[in-house]
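Q: A predicted structure for the sequence below; I have some questions about it.
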Amino acid sequence: MVRARLVPPLPLPGSGETAARWEALAAVARDDVVVGRLVEAHADADAILAEVARNRVAPGQWWGVWAAEPPTPVVAATRDGDGWVLDGAKAWCSGAGLCTHALVTVRVGDERPLFAVDLAHAGVSIDLSSWKAAGMSRSATGTVTFRSVPAHPVGSSADYLKRPGFWHGGAGVAACWLGGAERVADTLRAAGARLDDHAAAHLGAVDAALASARWSLRGAAAEVDARPDDLEAAKVRAMRFRAVVEAAGTLTLDRVGRALGATPLATDPSHTEAVADLLVYLRQSHAEHDLAGLGRLVGTHEGLSP
């Protein structure tokens, strides 16, 4: 995970260099899917702070964005003099024990605003025991408990969720999925001239799907830079891009396995790890639920055709 700390600051979404941002995320994930996932969260935290708080992450810091909201457990923020403290537990925190800081969604009455917290405080404790899977096991994902931990409000629920940048961040996740799929495909590409006709057909299908996803990345990035403040367009764009990449990643996992059989899964630890990591990471997509949401959007609003 030390490599994640060596990634330079990325251009912000909508800055005119969104493609460079997303291609950098894809490149990191192609090298290591888990590191890509952690870099994406850090870069997203930097973008959130820039957009909502008008500041950036400081050198030497490493940030997570912990915004999962299952019914339980929850984190509550309460007033403590002139400041705020956090109490409770937050599940699904990636980078727990690796990050120096985090942006955390919390409960304040009926609202779920975002707070920034320094994880060095003695009231922060981490439990990674719930993660049993091989995939993404190096992401240090677990439950973080806060006991009277000082924190600073970054914005309201609307500041976090109801802004184009929320969807730009979701597209950044898909860029990492693309890099992870490229890593899996590299095992098939490496077989090259040794492929029989059937395996070559699988490689052709994988190549076409990933090329389409890469073109989608560049097209979506250009649209972000042209219309960075359009919330409705940002939502549809991100949902489309995520659907395209998820489909390409799923196809890649299936066809690489069919082309090469069990051998690389049994004998190549790097390939096995890449497959396991991508299988878990792609499930950050909500599959048909997300497709249904996209269908409702484009089916009820004029002017959203590609």
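A: Yep, it's here.

Q: the closest residue to E17 other than its chain neighbours: what secondary structure?
A: Of all residues not flanking E17 in the chain, P11 sits nearest, at 3.6 Å (CB to CB, 6 or more residues apart in numbering). Glycine gets a C-beta too; all of them are placed from N, C-alpha and C. Using DSSP: H, G, I helix; E, B strand; the rest coil, the structure places P11 in coil.

Q: and P11, what does it touch?
A: 17-18, 20-21 (CB atoms under 8 Å, 6 or more residues apart in numbering).

Q: how about the lowest-mean-pLDDT helix or strand in the chain: buried residues?
A: Within the chain, confidence by mean pLDDT, DSSP states H and E is lowest for helix 157-161 among all helices and strands, at a mean of 86. By neighbour count on 16 or more other CB atoms under 10 Å, the buried set for helix 157-161 is 159-160.

Q: hang on, the earlier thing: between the contacts of P11, which has the most around it?
A: Within the contacts of P11, most neighbours by other CB atoms under 10 Å means T18, with 27 neighbours.

Q: now do the same contact list for that one.
A: Neighbours of T18 in contact, by CB under 8 Å, 6+ apart: 11, 168, 221-222, 224-225.

Q: pLDDT score for it?
A: T18 is assigned 98 on the pLDDT scale.

Q: distance-wise, check it relative to A47.
A: As for T18, its distance to A47 is 11 Å (criterion: CB to CB, to the nearest Å).

Q: find residues that contact each of those two.
A: By CB under 8 Å, 6+ apart, the residues touching both T18 and A47 are H168.

Q: what is the nearest of the contacts of T18 to E288?
A: H168 (23.7 Å; CB to CB).

Q: check contacts around the nearest residue to the closest one once chain neighbours are set aside.
A: For H168, ignoring the flanking residues on the chain, the nearest one in space by CB to CB, 6+ apart is P13 at 3.7 Å. When contacts are counted by CB under 8 Å, 6+ apart, P13 touches 21, 47, 165, 168-169, 171-172, 224, 228.

Q: adding pLDDT, write those residues out as CSV.
A: Rendered in CSV, the data for the contacts of P13 read as follows (pLDDT from 0 to 100):
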residue, pLDDT
R21, 98
A47, 97
G165, 96
H168, 98
G169, 97
A171, 98
G172, 98
V224, 98
P228, 97
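
Q: determine which two of the residues you listed are furthest apart.
A: Most distant of the contacts of P13, by CB to CB, are G172 and P228, 13.9 Å apart.

Q: coming back round to it: closest to G295 out of the contacts of P13?
A: For those, the nearest to G295 is A171 (18.6 Å; CB to CB).

Q: so that closest one is in which element?
A: According to DSSP states H and E, A171 maps onto helix 164-191.

Q: returning to that earlier point: by neighbours, which of the contacts of P13 wins?
A: Result: V224 is most packed of those (other CB under 10 Å), 28 neighbours.

Q: that one is in contact with R237, isn't it?
A: Yes. With contact defined as CB atoms under 8 Å, V224 counts as touching R237 (7.1 Å).

Q: quick check: buried residues in the helix or strand hosting A19?
A: Secondary structure assigned from DSSP H and E places A19 in helix 18-31. Buried residues in helix 18-31, defined by neighbour count with 16+ other CB under 10 Å: 18-19, 21-30.

Q: what does stretch 45-63 contact?
A: 4-5, 9-10, 12-13, 38, 41-42, 64-65, 95, 98-103, 114, 116, 154-155, 159-160, 163, 165, 168-169.

Q: roughly how far is that stretch from the heart of the chain?
A: 16 Å (CA atoms, centre = their mean, to the nearest Å).

Q: ok, back up a step: now distance to S148 too, for the contacts of T18, in CSV please.
A: What follows is these, written out as CSV (distance: CB to CB, whole Å):
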residue, distance to S148
P11, 38
H168, 34
A221, 42
A222, 47
V224, 40
D225, 43
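
Q: circling back to that earlier point, what subset of the contacts of stretch 45-63 is buried?
A: 4, 10, 12-13, 38, 41-42, 64-65, 95, 98-103, 114, 116, 154-155, 159-160, 163, 165, 168-169.

Q: what about the stretch 201-306 of the chain, any weak spots by pLDDT?
A: Counting by pLDDT under 70, the stretch 201-306 of the chain has low-confidence residues at 301-306.

Q: where do the helices of it begin and end?
A: 231-260, 263-267, 269-281, 288-300 (DSSP state H, counting those that start in this stretch).
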